[in-house]
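# Sequence first, predicted model second:
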There are 2 protein chains.
Amino acid sequence: MKIEVSWFFYASIIVSLLAFGAAFWLYKWVASQPSSNKRIEEVGKLIRNGANTFLTKEFKTLGRFCAVAAIIIFILLPVPIWVGNFRDNISMAVSYLFGTCFSAIAGKVGISIATIANIKAAEASTKGIKPSFMSGFRGGAVMGMAVVGSSLLGVTLVLMLTDNTTALLGFSFGASSMALFAKAGGGIFTKTADISADLVGKVELGIPEDDPRNPAVIADNVGDNVGDVAGMGADLFDSNVASMSAALVMASALDKITGGSLNMSMVFCYAAIGLFASIIGVLTARMNDKENPTRALNSNTYVTTIIYGVLTALATYLFDFEWRIWLASAIGLCVGVLIGIASDYFTNDTKKPVHAVAKASESGPAFTILSGISYGLMSTLPSMIGIGLSALAAYKICEPLGEGYPMFGIAMAAVGMLSIVGMIISNDAYGPIVDNARGLVEMGDLGDKALEITDSLDSAGNTVKAITKGFSIGAAGLTVIALLGAFISEVNASALEMGKEVLTGFDVLNPAVFFGLLVGAAIPPVFSAMLMLGVDRNAQRMVEEIHRQFREIKGLKEGHKDAVPEYDNCIRIATDGALKELIPAGLMTILATIIVGFIGGVQAIGGFITGNIVSGLIFALFMSNAGGLWDNSKKYIEAGHNGGKNSETHKATIVGDTVGDPFKDTAGPSINTQITVVSLVASLTATLFLTFSLFG
Amino acid sequence: MKIEVSWFFYASIIVSLLAFGAAFWLYKWVASQPSSNKRIEEVGKLIRNGANTFLTKEFKTLGRFCAVAAIIIFILLPVPIWVGNFRDNISMAVSYLFGTCFSAIAGKVGISIATIANIKAAEASTKGIKPSFMSGFRGGAVMGMAVVGSSLLGVTLVLMLTDNTTALLGFSFGASSMALFAKAGGGIFTKTADISADLVGKVELGIPEDDPRNPAVIADNVGDNVGDVAGMGADLFDSNVASMSAALVMASALDKITGGSLNMSMVFCYAAIGLFASIIGVLTARMNDKENPTRALNSNTYVTTIIYGVLTALATYLFDFEWRIWLASAIGLCVGVLIGIASDYFTNDTKKPVHAVAKASESGPAFTILSGISYGLMSTLPSMIGIGLSALAAYKICEPLGEGYPMFGIAMAAVGMLSIVGMIISNDAYGPIVDNARGLVEMGDLGDKALEITDSLDSAGNTVKAITKGFSIGAAGLTVIALLGAFISEVNASALEMGKEVLTGFDVLNPAVFFGLLVGAAIPPVFSAMLMLGVDRNAQRMVEEIHRQFREIKGLKEGHKDAVPEYDNCIRIATDGALKELIPAGLMTILATIIVGFIGGVQAIGGFITGNIVSGLIFALFMSNAGGLWDNSKKYIEAGHNGGKNSETHKATIVGDTVGDPFKDTAGPSINTQITVVSLVASLTATLFLTFSLFG
């Protein structure tokens, strides 16, 4: 059956609107759940206000940044305005702003629902695990639907309006720059609050976690929302847009050669099916009678995966798409699941690594650290092999289709891996919501039964998080490989226009490539170090403030009724500090890309992107997995193993967990976005380096 | 002036013999120093015997390994014996064995002198800092002269006897496989003993470091010798041989094209001058009246550098060598020094990073770890830029000379960087000798004055060590880039013979290359994790043994005169464990190279080597610098800052130091060798992958 590409545009728009409809329905459902506890309402409101304070400030700061970036983009990209034409530059700049806005809106929606769902889930926990689970999951699902719906809608609209795939890169860059700041800023915020609250509360004063006397406790709960909900949403919005953009850039180049629009149609068709499958998965999700929340979350994922597989096969048959590309996309999805399982092995508390770290901790904190780092480093291997092999397989499978198809196959593997991202985000956002609910149960004094239920929901969130993190790193890996292909397409299009030689590839024996490779590989470690030092500095500021409050507010330590801590001060410190600390790291990344380009030209940039991808993946996997491993080792000890709670071993694992927190929630997941940003900055500025470079 | 290459062969042999003469003279000088203290003699003998026990066992294990490897090499390399000719294969296998023996002899000489010089330096410390310094330095210099003399002699002899540069790669591979085991095995040994001794002695029982009651104290001192002296010697022997071999492989290819032997002559000439300059530097070394040991060590290095620069310029003028290549080599040397300075910044206790880690430690051990890891990660950037820029500069400088010269320029930059390696080894081996001397002074009760003097000598050793480590990592980086060039030469020579297509490079857009890149990058983290877990497991075994001795030997804890600990048991555990733990890591590296080759062919191997270099450099720099940083932060606190000795801050830095120990002395420096091994295995087996691969 032959169908115009515009048909798929409309289909995508319809599916996006369906997703928004689903999100709206879920939102209403969550909001209609009962909540009667005054204390919880009150604290919940503090959290919501805190999150909004952060978001408003972040958007203001970013607004300025993006305005400047948009002007620069307008002047210089895709080619300097005095060389190219006005229309291209304006559509690039507008697409960029469009990307930032879509990402911001999705983040805002996520925060709004998360700060309602946490209250509902807390309240429902007094009635049983099922209603509490449903509030948490459906809250997360609002975020999932909003993010994926707006990414598909955004990409479709940009392409329909500009009819220009380069503008897509602008849109994608907007999403990336937003994600970089949301992820890194949120990550710094959340860990600042978490570490400071624990350091003064649990360690110095010995009061429990989430105790309302602690001035940082609200900031800590806000952090879960701005870091894990908004940040993660922006991150996956970014990956999703980037993978579709890369695939579309290549598809459009292929379609130009063969005529027609089969390949572009295919990208939209698969993406729309993925979103549709996620909608079905989300709406049909229930907790079965086993009452095991982890199983419930995973079974939703499998349902979505199967629906996606069947429907894309059907579509491929109906619309005469290439079966080889279908296979590439299916491989991507399978490898994504496999990488998730590998991450799970290294962080699950029923597996050897967690037990080994717990055992090593008996000799003291140094051994917690050494063994955690060791297993974290080892955990990189299976995922790196998985990403590498799936790229190789996708390439080889699509090779017989002719020139250009192999790279397109890799891009479609990334699209396949990200096809069920709606489901993944729902599962992931569920985590911080029930984590918050647990805090509210504690602060609202809802009783031990409710605490037990929210504890078990929270623990399921942690387990699933490891899988979704592995998944999103794998997806980013394949996406950036595809972006490397898009980079070449961009460079060659400009080179042809300028009458320069066309690139055939990046040879590592070319010293400019090698130079780029070495410098690019050093960026992720430096970037993550800057973020971690930022957390450190910021936490010191907040600890000072907490000390001040305990000193100056009379009766606070003793828990007098009228002694209310100044929660807002802590939120302000976390907010200001996060935005202050993330700017240098973000700018360093962007400037390094440009400087390397001006030194070594496009060849150096090709090497730079490659080195950045390779070392970025290693550090992202290492840090995420080591962090999860330490967290779960601590929980494993708290469950009574190797000496149990309050033993010396437990103290050692607390050290591990404190080190792991910025690893897994600040630095590790931000690297993903950092890689995408570098790839996009490079693609967008490629033409400039063709015009001028020192050694290129 | 035109001179035959054979002239330079003889000159190299003469300079090598001069080096042996200098080593012999220094050995005699050190041995003739007075030693009268019975107790020190006794303990010194225990250390010497322990070191010899380790060496003998290691050589036995390695002997078997090397015999098997030699047989495999004989059958398969450079081409399978049923394809190629018998003579080539036998010369390859013999060169390989030759390489292992030369490395072993140099290691043995180093251990012999180090275990004499430590006694002499301890004894001399009662007379003043100058005589003690001279014993330590001249002891180290014996090692320096022996290592560099035998590497130059070995390379020259192999080339004279076989007239075949491929055999040089066999020799180099012998040196590498020896270095891999010596460095990793010694590294596991030394940290096993160090950690266990500290854990039971300092932490549990509260007895001082180097207390003779501690059953692990001799093993700890043996460890300094087998890890830092023998291991580091084997490592730099390996780098030195590898850099010369890579340069000679390319020089010989160039000479074949141009006729004559100018380029090969140049390599030998520069290497001989480097050794000659080191001999002068070593023999004229004195401590000036400022009595500052760090300054004395550094000024020797500057003297050597200047002599080298002047003499090579003179030789270039006299023998009509290319000035551009001279410049490339000079750049290599300068960058080496600069990398050393950067490492110094991140580890020196007068600089910001050490102060920041000390300050962060006030909040507890988690912050010691976080800040140390952050600065360690940051420290990778300047060196990566330095290595990348020097390779780029060397390439561009030599580009006008014609095809093949740019890569040769990079190889010569590596030769330049390693030219003063004789001096570097002397400075480096000085460290463990005076460290041992400090232990002997403590055990022999030679008084506070002597302790103070050896403390100051030891501290200088630590400072210089950071510089030499940065230097050796930089040198390894340039060397392996050059080896990548050698790999291509090898592959193409075989490809031509077999009538296959010639390689022009490794394009990262080729999925086989990218697959290799991703997997290759994961090897250094996995390799270092295996070594660290090995240390962990081995330390647990030794701690058990120490506990057993304190339990079963009556009066040991109280220090009764007849209660003698069973030192030998600890040495045996460290030895057996080290050899047992290093085999899987070593084999993993070699097998991974071969498996990737069989999956993806030579293209994948090219990517694999590249990924391995890039991530290997990052992890080597990160681990070495973070380790040094933690060590010096602890010392900085012990000197009375941020709370001083026995404060909570001090305890936090002890955790950092314990984590840093296997970082800087086991994993970090072993990665160097691991990279070289991968490059050489790949070059040697390249032909096999041309014949067969799954996707290649």
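Yep, it's here.

# Would you mind listing where chain A has pLDDT under the threshold?
For chain A, the stretches with pLDDT under 70 are A:1-2, A:289-290, A:696.

# center of it - which residue?
Centroid check for chain A by CA atoms, centre = their mean gives A:D235 as the closest residue, at 3.1 Å.

# do the longest helix along chain A and chain B meet?
Looking across chain A with DSSP state H, the single longest helix is helix A:567-638. Yes - contact of helix A:567-638 with chain B (CB under 8 Å from any CB of the partner chain) involves A:G600, A:G606, A:G607, A:T610, A:G611, A:V614, A:S615, A:L617, A:I618, A:F622. Placement of C-beta: from N, CA and C, glycine included.

# How about the residue of the stretch 101-250 of chain A found nearest chain B, nearest residue that isn't a chain neighbour?
The stretch 101-250 of chain A approaches chain B most closely through A:L199 (6.6 Å), counting by CB to the nearest CB. Leaving out its chain neighbours, the residue that sits closest to A:L199 by CB to CB, 6 or more residues apart in numbering or on different chains is A:V543, at 5.9 Å.

# With A:S419 instead?
A:G274 (3.1 Å).

# mind pulling up the phi and psi values for A:P212?
Per-residue torsions, A:P212: phi -70, psi -10 (degrees, to the nearest 10).

# Could you tell me which residues make contact with the residue lying closest to it once chain neighbours are set aside?
Once flanking residues are discounted, A:P212 sits nearest to A:M443: 5.0 Å by CB to CB, 6+ apart. Residues near A:M443 by CB atoms under 8 Å, 6 or more residues apart in numbering or on different chains: A:R39, A:I40, A:V43, A:D210, A:D211, A:P212, A:V217.

# Give the helix, strand or coil label for A:V357.
Classification of A:V357 by DSSP: H, G, I helix; E, B strand; the rest coil places it in helix.

# among the residues of helix A:567-638 next to chain B, who's most crowded?
Highest neighbour count within the residues of helix A:567-638 next to chain B: A:G611, with 35 neighbours (other CB atoms under 10 Å in any protein chain shown).

# Which secondary structure element is home to the residue nearest to A:L199?
Applying DSSP states H and E as the criterion places A:V543 in helix A:511-552.

# angle of that helix against helix B:511-552?
Interaxial angle, helix A:511-552 versus helix B:511-552 (axes from the mean of the first three to the mean of the last three CA atoms, to 10 degrees): 50 degrees.

# For helix A:511-552, name the packing helices and strands.
The contact analysis (3 or more CB pairs under 8 Å, 6 or more residues apart in numbering or on different chains; DSSP states H and E) places helix A:511-552 against helix A:165-197, helix A:567-638, helix A:648-662, helix A:668-691, helix B:365-378, helix B:380-398, helix B:567-638.

# Could you rerun that using 6 Å?
Judged by 3 or more CB pairs under 6 Å, 6 or more residues apart in numbering or on different chains; DSSP states H and E, the packing partners of helix A:511-552 are helix A:165-197, helix A:567-638, helix B:365-378, helix B:380-398, helix B:567-638.

# Dump these to a markdown table, plus distance to B:D455.
Shown next, in a markdown table, are the helices and strands packed on helix A:511-552 (distance: least, CB to CB, whole Å):
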| stretch | distance to B:D455 |
| --- | --- |
| helix A:165-197 | 37 |
| helix A:567-638 | 36 |
| helix B:365-378 | 23 |
| helix B:380-398 | 30 |
| helix B:567-638 | 10 |
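
# among those helices, which is nearest B:W7?
Among the helices and strands packed on helix A:511-552, helix B:380-398 comes nearest to B:W7, with 24.3 Å by CB to CB.

# moving C-terminal of that closest one, what's the next helix or strand?
Per DSSP H and E, helix B:380-398 leads on to helix B:405-418 as the next helix or strand towards the C-terminus.

# contacts for that following helix?
Applying CB atoms under 6 Å, 6 or more residues apart in numbering or on different chains, the contact partners of helix B:405-418 are B:240, B:243, B:246-247, B:250, B:270, B:325, B:328-329, B:331-333, B:336, B:390-391, B:394-395, B:398-399, B:475, B:478-479, B:481-482, B:485.

# if you look at the residues you listed, which of them are in strands?
Residues of the contacts of helix B:405-418 located in strands (DSSP state E): none.

# Mind giving me the PyMOL select for the residues you listed, buried ones only?
Selecting only the buried entries of these in PyMOL, with 16 or more other CB atoms under 10 Å in any protein chain shown as the criterion:
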select buried, chain B and resi 240+243+246+247+250+270+325+328+329+331+332+333+336+390+391+394+395+398+475+478+479+481+482+485
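
# Now narrow the contacts of helix B:405-418 to whatever sits close to chain A.
B:A391, B:Y395 (CB under 6 Å from any CB of the partner chain).

# picking up where we left off before, now do the longest helix of chain A against helix B:380-398, angle only.
Using the same axes, to 10 degrees: helix A:567-638 against helix B:380-398 is 90 degrees.

# start to end distance for stretch A:80-88?
Using CA to CA, to the nearest Å, one end of stretch A:80-88 lies 10 Å from the other.

# buried ones in it?
Across stretch A:80-88, burial judged by 16+ other CB under 10 Å covers A:G84, A:D88.

# One more: stretch A:198-214?
By 16+ other CB under 10 Å, the buried positions in stretch A:198-214 come out as A:D198, A:L199, A:V200, A:G201, A:I207, A:D210, A:D211, A:P212, A:R213, A:N214.

# I figured A:V303 was touching A:G281, is that so?
Yes - using CB atoms under 6 Å, A:V303 is in contact with A:G281, at 5.0 Å.

# Just want to know which of those two has more residues nearby.
A:G281 (26 against 19).

# So the more buried one lies in a helix, does it not?
Yes - judged by three-state DSSP, A:G281 forms part of a helix.

# Contacts only, for it.
A:N300, A:V303, A:T304, A:M423.

# now with 7 Å?
By CB atoms under 7 Å, 6 or more residues apart in numbering or on different chains, the residues touching A:G281 are A:N300, A:V303, A:T304, A:I307, A:M423.

# So what's the residue count around A:V229?
32.

# for it, what are its contacts?
Counting by CB under 7 Å, 6+ apart, A:V229 makes contact with A:G110, A:I111, A:A114, A:M143, A:A429, A:P432.

# of those, closest to B:F367?
Closest to B:F367, out of all of the contacts of A:V229 and judged by CB to CB, is A:P432, at 24.9 Å.

# Now the residue in the stretch 551-696 of chain A that chain B sits nearest to: closest residue in space that isn't a chain neighbour?
Going by CB to the nearest CB, chain B is nearest to A:T658 of the stretch 551-696 of chain A, at 3.6 Å. Closest residue to A:T658 apart from its sequence neighbours, by CB to CB, 6+ apart: B:A366 at 3.6 Å.

# same question, A:P525
The shortest distance from A:P525 to any non-neighbouring residue, by CB to CB, 6+ apart, is to B:L377 (3.8 Å).

# Go ahead and confirm the one you found touches A:P524.
No - contact criterion CB atoms under 7 Å: B:L377 and A:P524 do not qualify, at 8.7 Å.
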